[in-house]
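Q: predicted structure and sequence below. I'll ask about it afterward.
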Amino acid sequence: MLTYKRILLKMSGEVFKGSKVSGIDFEVLLGLAKRVKKVKALGVEIGIVIGGGNIWRYRDNASKGGPSLDRVVSDNLGMMATNMNALAFVDALKAEGVDAVALTAYPCEKAMKTYVPAKAKKYLKKGTVVVFAGGTGDPYFTTDTAAAMRAVETNCDVVMKATKVDYVYDKDPVKYKDAKKYTHLTYAEVIDQKLGVMDMTCATTCKKGKLPMLVFNLNKVGLIEKAVKGEKVGTLITL
Ligand code: UDP
């Protein structure tokens, strides 16, 4: 019996660059695809949102005084970056024998289908891994918010947000030895304490959608399997 039957896995684009300065390391993608395959083998329906931070992110390129791209143009680049990552990851999944499809909210019809919720739900139901690309399809948002929106629209049981640390902390645990770890939080606490684990639009979307989020360490192999089976892992954020 699975605690979470349908999950939305959110990974930052950063993960895809491996040890490269930027771009996509296909070896890393194949490794992640193998891990997704193991989770799928448990009978879990899997949606995935990947960020674009390995290629382009608005905040990394915003002006520090000099000339810079228009915000909307910059965000468009970011959304295109998520399309690139999704295409590459679906290729890696297929190379590992996993049935997968990319659906994008930022249409790119020569390479992938456009996201339509009903279509996505059909794929999920038949066990196809759905990689949701293009973020929300609109500027001024993040892929965390896209993950919350896609999860709500396709009736996922949880958003699993992959990070580099084991839990949500009140401050950066790498910089501060006395950082306090949380194993459980409410969205109200995340919002009131402005905890940096997600942006506020994402937090309010999850809250409105009554959608739990599990924040876990992607560097530790096997945690997704544990979590879907109901074992305590990372920080659980609920209403
Ligand atoms: N982006 C956007 N709308 C969205 C999602 C993303 O405009 O709905 C743009 C935005 O510029 C963002 C970039 O795409 O900086 C990459 O997304 P994000 O920063 O969420 O990627 P991650 O940090 O997860 O790799």
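A: Right, received. Where do you want to start? Numbers count the residues shown, from 1 in each chain.
Q: return the residues of this protein in contact with the ligand.
A: 12-14, 51-53, 57-59, 74-75, 78-79, 81, 135-136, 138-139, 141-144, 146 (Cβ under 6 Å from any ligand atom). Just so you know, the C-beta spots here come from the backbone N, C-alpha and C atoms, and that holds for glycine as well.
Q: Asn54: which element?
A: Using DSSP states H and E, Asn54 maps to neither a helix nor a strand.
Q: pretty sure it sits against Ile24.
A: Yes - contact criterion Cβ atoms under 8 Å: Asn54 and Ile24 qualify, at 6.7 Å.
Q: span of stretch 125-142 from start to end?
A: End-to-end span of stretch 125-142 (Cα to Cα, to the nearest Å): 26 Å.
Q: just how off-centre is it within its chain?
A: Distance of stretch 125-142 from its chain centroid, counting by Cα atoms, centre = their mean, to the nearest Å, is 9 Å.
Q: buried stuff in that stretch?
A: When burial is assessed from 16 or more other Cβ atoms under 10 Å, stretch 125-142 yields the following buried residues: 128-137, 139, 141-142.
Q: does Leu211 sit in a helix, a strand or a coil?
A: What DSSP: H, G, I helix; E, B strand; the rest coil gives for Leu211 is coil.
Q: was I right about it contacting Arg150?
A: No - the criterion here is Cβ under 8 Å, and Leu211 misses it with Arg150 at 10.5 Å.
Q: what's the least confident helix or strand in the protein, going by average pLDDT?
A: Within the chain, no helix or strand scores below helix 58-61, which has a mean of 94 by mean pLDDT, DSSP states H and E.
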